[in-house]
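In: The following block contains a protein sequence and its predicted model.
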Number of protein chains: 4
Amino acid sequence: MAGNSIGKLFTVTTFGESHGPALGAIVDGCPPGLAISEADLQGDLDRRRPGSSRFTTARREPDQVKILSGVFEGKTTGTPIGLLIENTDQRSKDYSEIAPLFRPGHADYPYHHKYGNRDYRGGGRSSARETAMRVAAGAIAKKYLAEQHGIEIRACVSQLGPIAAQQFDWSVVETNPFFFPDPSQLEALDEYMRALKKEGDSIGAKVRVEATSVPVGLGEPVFDRLDADLAHALMGINAVKAVAVGDGFDVVTQKGSEHRDEMYPDGFASNHSGGVLGGISSGQPLVAEIALKPTSSIMVPGHSIDVDGNPVEMVTRGRHDPCVGIRAVPIVEAMVAIVLMDHLLRHRAQNLDVSVTTPVLSMRD
Amino acid sequence: MAGNSIGKLFTVTTFGESHGPALGAIVDGCPPGLAISEADLQGDLDRRRPGSSRFTTARREPDQVKILSGVFEGKTTGTPIGLLIENTDQRSKDYSEIAPLFRPGHADYPYHHKYGNRDYRGGGRSSARETAMRVAAGAIAKKYLAEQHGIEIRACVSQLGPIAAQQFDWSVVETNPFFFPDPSQLEALDEYMRALKKEGDSIGAKVRVEATSVPVGLGEPVFDRLDADLAHALMGINAVKAVAVGDGFDVVTQKGSEHRDEMYPDGFASNHSGGVLGGISSGQPLVAEIALKPTSSIMVPGHSIDVDGNPVEMVTRGRHDPCVGIRAVPIVEAMVAIVLMDHLLRHRAQNLDVSVTTPVLSMRD
Amino acid sequence: MAGNSIGKLFTVTTFGESHGPALGAIVDGCPPGLAISEADLQGDLDRRRPGSSRFTTARREPDQVKILSGVFEGKTTGTPIGLLIENTDQRSKDYSEIAPLFRPGHADYPYHHKYGNRDYRGGGRSSARETAMRVAAGAIAKKYLAEQHGIEIRACVSQLGPIAAQQFDWSVVETNPFFFPDPSQLEALDEYMRALKKEGDSIGAKVRVEATSVPVGLGEPVFDRLDADLAHALMGINAVKAVAVGDGFDVVTQKGSEHRDEMYPDGFASNHSGGVLGGISSGQPLVAEIALKPTSSIMVPGHSIDVDGNPVEMVTRGRHDPCVGIRAVPIVEAMVAIVLMDHLLRHRAQNLDVSVTTPVLSMRD
Amino acid sequence: MAGNSIGKLFTVTTFGESHGPALGAIVDGCPPGLAISEADLQGDLDRRRPGSSRFTTARREPDQVKILSGVFEGKTTGTPIGLLIENTDQRSKDYSEIAPLFRPGHADYPYHHKYGNRDYRGGGRSSARETAMRVAAGAIAKKYLAEQHGIEIRACVSQLGPIAAQQFDWSVVETNPFFFPDPSQLEALDEYMRALKKEGDSIGAKVRVEATSVPVGLGEPVFDRLDADLAHALMGINAVKAVAVGDGFDVVTQKGSEHRDEMYPDGFASNHSGGVLGGISSGQPLVAEIALKPTSSIMVPGHSIDVDGNPVEMVTRGRHDPCVGIRAVPIVEAMVAIVLMDHLLRHRAQNLDVSVTTPVLSMRD
């Protein structure tokens, strides 16, 4: 299949440009019998929506999703689920002046050379607006995983520029505009972001995601390992530059006697592995972190070239997030859900048990 | 396709266990007309081979690869290339006592729960021995990319435990047993590894890989981005826990004005992006780094359980690398080659130009 | 990918039920730069549309297709093309009484047992209404193949019940309501169909399809042969029970000396092979035929059971084609176009020539 | 994946040329726990083997298959199964004179134009010798289907040239060299084949295949229907020119009231559908037929051209079957087994029942 699909058995295919008439997705392979409605999808879409805080872009889209097929009398039928979001706020004029320019840090340059005919309005297909469909599709997977297997997936911004979470209080994540788990630093964050906005600059972020109650056994070595497919899905989110599972880059300085998670009859003693051993889920919570680069659309002038190779200096005006990491939270959850769903189905295909008791994790290290 | 294949158009499928009679691979989708011989594959196999330095496992396998099909009169025919390496040193007795135990940090526990019937000899399919076939298959891709497009791929160990390379002198990488690019630290490395071996412990490592002359345009957004597929391929290597492209996790604290690579008529001014923008190659050198965990097979006793859930304390005897990162170097190159090859073919399918002049990179930052 | 996608590089994924709000498709992998508009798709949709003759179902749907993405300033951009057709004539009430019944010859019984939750309205997903999206998607492929390679694809009803075409005058195919190539039998056909309609019964049909100017070399042995992929695509059309390439079942009684198409410097002397040798296009015109069963929705009472296993006698009322073969003509063309397009891209990926001069075919046997 | 793989979850990938050192296959996705040995595969290989009767090619290959991985202590482990058959009888000299010629009816011409570098020895990859690996792989699927689900697959030659079976006595199929089910015509067949051999000509054949106890529900509409995937697999066998399911081309002249299989509480009253409704198995026996063309390697001189376009007259000497249909019987069974196995896994992935009671078929019509 071409590049706009993800998943082998639970397959999500998306279409749509930032300033086209609509975005859409087809979710193929969802088992029948799942109760699902547009409201189930809207919650995560609203969390991702631009304009939900003053630190995300001011573009106002209701992002109202419609289910066009695959659901009958409130339940999935096993046939493909068609999803549609109409674009209602397409100020194309904002973008016309940058048509012949390659915005530094953006996909303009490679898109131009790859495809030739490039929809330059708001980044076209390369805009993060496309991720709305991933969130909608992922919400279906999230519901299935939660209802059928008690799997819970949650993400938060664990670092924003220099400000890193020192504690993970998940109860506050949804109550602050930064999806940040450390209430003691919310004020500092707010101040930092105000200053950044004044500068017209942007900043990177780190997002952490966890999934609990993942059954032992998901993942198909040697190439379609669970962690490899997670890395594919997470690195495929706009602006992501790194993906880590468990201790990630910290393992470089760890010794074998430190890193390995010892086991006892009642469970693992630690979770350095992040829930994956040999590419297969271990029953420990799945833990991953990603790094998102600062958005390239900033008010600080930068050097670039135009399509004819002439030098230009440019500023990217318009409605842009100073930190794309913030809105990435529901996208990350969605991608993890899609991967887990796909692997759950692949695992089940081989008639393998999906109910192996998750070992109790004595401690989170 | 099931989990032991990688690549959509240039597809590598492998089989084989650590202690079975043979390892094999099928490389499907290689264009016809490429001059290839067993000698072309043997070079990288020898670089990966156990026993090539005193810091890698003492297992002695000649790892002699045979080409069984797909090559006629010295050139590929476009039909699948069958590869075979016979296992000649299979000391099964070494492993029999650990059959009912789950070695901590190993894939034993999830393999047992996923498949039930587990080949416990040397880790069976989960052993890194399987990567020999990736190296052989990758050597075909490397040769094609170099001959047809001048693409060069090279990797090195950029950090080993606490010792990080301060300079990248690629000319020394192949002349020391650590594939390390910083000659000033070779002595310290040697000392560190000797001490580690005495302790019976192991250590993590970081491997860096670069590809130059990659044409602008490779990658298929939105899911099969070049960086996403690289992340999939690299995270799929045994022991890898993190993958970074370009500045990786450093982007978290970068501002947009710092991170974006400004362009001038003669090229990019920097390479924070690592050669990928919007999931498509930019013409900058492709740069990635991975973290490999310390091997879990160590002499330090550890707590675990057996298949019946009873507590055990165990030591993993046998022939093991104190740092798996060292032998990973040719594997990393192979996986990058496979991904680039696959994307080159996918790009070409759309009748797109593969010869866009790579912008001159004024400086490597 | 799940079951609602076809094509590896030119991938068409569809959604939608007979009586849902809309049908849709995503066409992924279309090269950039193709001039395409909704009008280009509408022509074939109108040919397939119900109600276009008195011998097709009286359901009236304008089948107006919208292009929602992937086209910018009139040309494809290389990004996925979203297509949508809203269902405007969904008389759900017609079908409510048959909800608990399995109509004989229909997909009701296996859909019920496979999925449990079945959209019984008009057959739901199993309705041939879904093929509208294939026609729309296929029109894009047809245009590309014609413009870039001069490939022309055309189909006709070559037999309808006992009435078989004795001559192939392609100029009349589009001018009669049966897409029939033999003008001498149109009157007989009209009479036959009137009588059939009076009986309330239905009849099978044979459809022939040809593609000319197909370059030598398309097809990927040994499994993804061109003829194998054609067979997959054509057998996948509703009601199709057989697929033949070239002489089809007639080869059973042919001798080798008869069947093989001899070659001369100016081309092949015959076309028994139907344009495929060893699974690869030969340059001869591609010729295939399919058999479509009579529609099962007829006024003649039939025995069946209900969901509880009770015997019932039933009549399928409603708007139905007495011969589904007639409307299949544009669907067959579309599927052939999709397969050829996919294989053209796959062929090109290997950097192979697509312009080998088609041998002149001295005679059509 | 490239063209030498079949199956999405139960994936078979093959390599090997007629006169190379070996043929091989990787069977990926076989569930763990199946007892399998080389002897289980050898039976069908022996049925397919050349030289097993005087009407098949005199080439003598023991076709001894080796299992190189994926089986531990006699049972599958869920990891890929590597299979190998060494070519022991490679008389390359036989073929050297035809190197620059395109044998009429053979794949030489399209292979030459597609790939350029063509292994002309015995047809290279286009030789039916490759199907040995399909038979070996299919034997694994056959055993699984039989043991786990009681599914039995059997094929026979139902017509050979002008001689068609009038009765289907399956008990005689394996006891005569033609795999023919009608004992009353064996003498006539023997006579016919002797005369044909004297002529130096060849003849086409029809092969029928049936699978019983197939659970209701296999198949993934709308594109990966069970019948569509069967058509793909069967048309992909060398020399096959047509595939029919159930009544096949006979449906063209059937009325709806004749064709539809009526249902009663105890089962279907007939099996015109051949066991597939709406692309999903119905519980009726699966029935398909294929047409195989006469082999093109005959002693009757034929016109052709050489690689430079010069006219030549040629005779194909060597060891060839006068009717390739005969040896196709185990290949057809293997391909049906592979498709059913793949769809069984796909079905199971969605957590759907695979044990729906097959309706009793009151009569075979």
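Out: On my side now, so go ahead.

In: List the contacts of the residue found closest to A:T76 once you drop the neighbours it is linked to in the chain.
Out: The shortest distance from A:T76 to any non-neighbouring residue, by CB to CB, 6 or more residues apart in numbering or on different chains, is to A:L34 (4.5 Å). Using the backbone N, CA and C atoms, a C-beta is placed for each residue, glycine as well. A:L34 makes contact with A:K75, A:T76, A:I140, A:K143, A:Y144, A:E147, according to CB atoms under 8 Å, 6 or more residues apart in numbering or on different chains.

In: nearest residue to the last one other than its sequence neighbours?
Out: With CB to CB, 6+ apart as the measure, A:L34 is the residue that lies nearest to A:E147, at 7.1 Å, once sequence neighbours are left out.

In: State the distance from that neighbour to chain B.
Out: 23 Å (CB to the nearest CB, to the nearest Å).

In: Which single one of the contacts of A:L34 is nearest to chain B?
Out: A:I140 (16.8 Å; CB to the nearest CB).

In: Can you tell me the SS state at that closest one?
Out: helix (DSSP: H, G, I helix; E, B strand; the rest coil).

In: got it, and the one 3 residues further on?
Out: Reduced to three states with three-state DSSP, the structure at A:K143 is helix.

In: can I assume it is in contact with A:D40?
Out: Yes. A:K143 is in contact with A:D40 according to CB atoms under 8 Å; the separation is 5.7 Å.

In: about what we covered before: buried subset of the contacts of A:L34 as a ChimeraX selection?
Out: This is the ChimeraX syntax for the buried subset of the contacts of A:L34, where burial follows 16 or more other CB atoms under 10 Å in any protein chain shown:
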select /A:75,76,140,143,144
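
In: Could you list every helix and strand that the top helix by length along chain A packs against?
Out: In chain A, assigned by DSSP state H, the helix with the most residues is helix A:324-349. If you count contacts as 3 or more CB pairs under 8 Å, 6 or more residues apart in numbering or on different chains; DSSP states H and E, helix A:324-349 packs onto helix A:38-48, helix A:131-149, strand A:152-160, strand A:205-212, helix A:226-235, strand A:286-292, helix D:324-349.

In: Quick check: chain neighbours aside, which residue is closest to the closest residue to chain C within the stretch 151-300 of chain A?
Out: Scanning the stretch 151-300 of chain A for proximity to chain C using CB to the nearest CB identifies A:D224 as nearest, at 13.7 Å. Nearest residue to A:D224, sequence neighbours excluded (CB to CB, 6+ apart): B:G3, at 3.7 Å.

In: quick one: pLDDT of the residue of chain A positioned farthest from its centre?
Out: Largest separation from the mean C-alpha position in chain A: A:N310, at 36.0 Å (CA atoms, centre = their mean). In this model, A:N310 is scored at 94, pLDDT.

In: got the contact list for whichever residue of the stretch 51-200 of chain A sits closest to chain D?
Out: Using CB to the nearest CB, the closest approach of the stretch 51-200 of chain A to chain D is made by A:G78 at 6.5 Å. Neighbouring residues of A:G78 by CB under 8 Å, 6+ apart: A:C30, A:P31, A:P32, A:G70, C:K114, C:Y115, C:G116, C:N117, D:Q350, D:L352.

In: measure the first one to chain B for me?
Out: A:C30 is 18 Å from chain B, where distance means CB to the nearest CB.

In: just the fifth one next, same as before
Out: Distance of C:K114 to chain B, given as CB to the nearest CB: 23 Å.

In: can you check the second one too?
Out: Counting by CB to the nearest CB, the gap from A:P31 to chain B is 20 Å.

In: For burial, what's the neighbour tally of that residue?
Out: A:P31 has 23 neighbours, counted by other CB atoms under 10 Å in any protein chain shown.

In: so what's the backbone phi/psi at it?
Out: phi -60, psi 150 (degrees, to the nearest 10).

In: shouldn't it be in contact with D:D353?
Out: No. Judged on CB under 8 Å, A:P31 makes no contact with D:D353 at a distance of 11.8 Å.

In: Would you mark the buried spots in stretch A:149-160?
Out: When burial is assessed from 16+ other CB under 10 Å, stretch A:149-160 yields the following buried residues: A:H149, A:I151, A:I153, A:R154, A:A155, A:C156, A:V157, A:S158, A:Q159, A:L160.

In: Save the residues you listed as a markdown table, and put in pLDDT too.
Out: As requested, those are arranged in a markdown table below (pLDDT from 0 to 100):
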| residue | pLDDT |
| --- | --- |
| A:H149 | 93 |
| A:I151 | 96 |
| A:I153 | 98 |
| A:R154 | 98 |
| A:A155 | 98 |
| A:C156 | 98 |
| A:V157 | 98 |
| A:S158 | 98 |
| A:Q159 | 98 |
| A:L160 | 98 |
